[in-house]
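Asks: Just a sequence and a predicted model for now, questions to come.
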Amino acid sequence: MKRALLVLLLSASIHCKAADPAPALQPEEAIAQASERTRSSDTLTWPTEPMNGSPVAAVFQEIHKDDTQRRARLRLFNFSSNDVSQVTMQLHCADSEENPIPCVGSGEKPDSWWTSSISLPANGHGTHTVSATLPSAIVHVSAEIHSVLFKDGKRWPSDHSSP
């Protein structure tokens, strides 16, 4: 893949003549610069960026079962150029008919707030299993990210605040 990318870059530079050409890049530099502009080719489809401005999006993958525990496994996507160390999210749970139901316990509120420590690379993605034990009726979980803590100490706050 890197070799094909290098050939493409080199052939493009031969066919494009600039008025004042930039100095030629070494092959390793050309590959590094091209890789910075592209996402990895892992055949993973990225979601659109969240409408609330969050730099992180969450996509439900499955209900993960280990022993007697049922937990939501999410894939988190980091659209920012900073590593993420923590997210606060609001979970929304539903049954097989997509009716909202409480994520935990027997409360009336069909959503729950969670703060999770994670290690999510800049412009990268990873899986996260939410630590809550989910009732058996839950078959789908969505998560809305409300705040993000970056590894450099900066934060992304949304209009919402966690309770």
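Replies: Done, it's in. Numbers count the residues shown, from 1 in each chain.
Asks: Every contact and neighbour count from this point should use C-alpha atoms.
Replies: OK.
Asks: correct me, but residue 150 touches residue 80?
Replies: No: between residue 150 and residue 80 there is no contact, the gap being 9.6 Å when judged by C-alpha atoms under 8 Å.
Asks: since we're on residue 121, how many residues are nearby?
Replies: The tally of other residues near residue 121 (other C-alpha atoms under 10 Å) stands at 19.
Asks: And the nearest residue to it once chain neighbours are set aside, how far from residue 125?
Replies: Here the nearest residue to residue 121 in space, its sequence neighbours aside, is residue 83; by C-alpha to C-alpha, 6 or more residues apart in numbering that works out to 4.6 Å. Between residue 83 and residue 125 the distance is 10 Å, computed by C-alpha to C-alpha, to the nearest Å.
Asks: for the stretch of helix or strand residue 143 belongs to, packing partners?
Replies: Element membership for residue 143 (DSSP states H and E) is strand 140-150. Other helices and strands packing on strand 140-150, by 3 or more C-alpha pairs under 8 Å, 6 or more residues apart in numbering; DSSP states H and E, are strand 56-66, strand 84-94, strand 155-157.
Asks: circling back to that earlier point, tally of neighbours for the residue nearest to residue 121?
Replies: Neighbour number of residue 83 under other C-alpha under 10 Å is 19.
Asks: just the one 4 residues further on next, same as before
Replies: Other residues lying near residue 87 total 23 when counted by other C-alpha under 10 Å.
Asks: now do the one 5 residues further on
Replies: Here the number of neighbours of residue 92 (other C-alpha under 10 Å) works out to 19.
Asks: Report the separation between it and residue 114.
Replies: 11 Å.
Asks: Same question for residue 101.
Replies: With the distance defined as C-alpha to C-alpha, residue 101 ends up 16 Å from residue 114.
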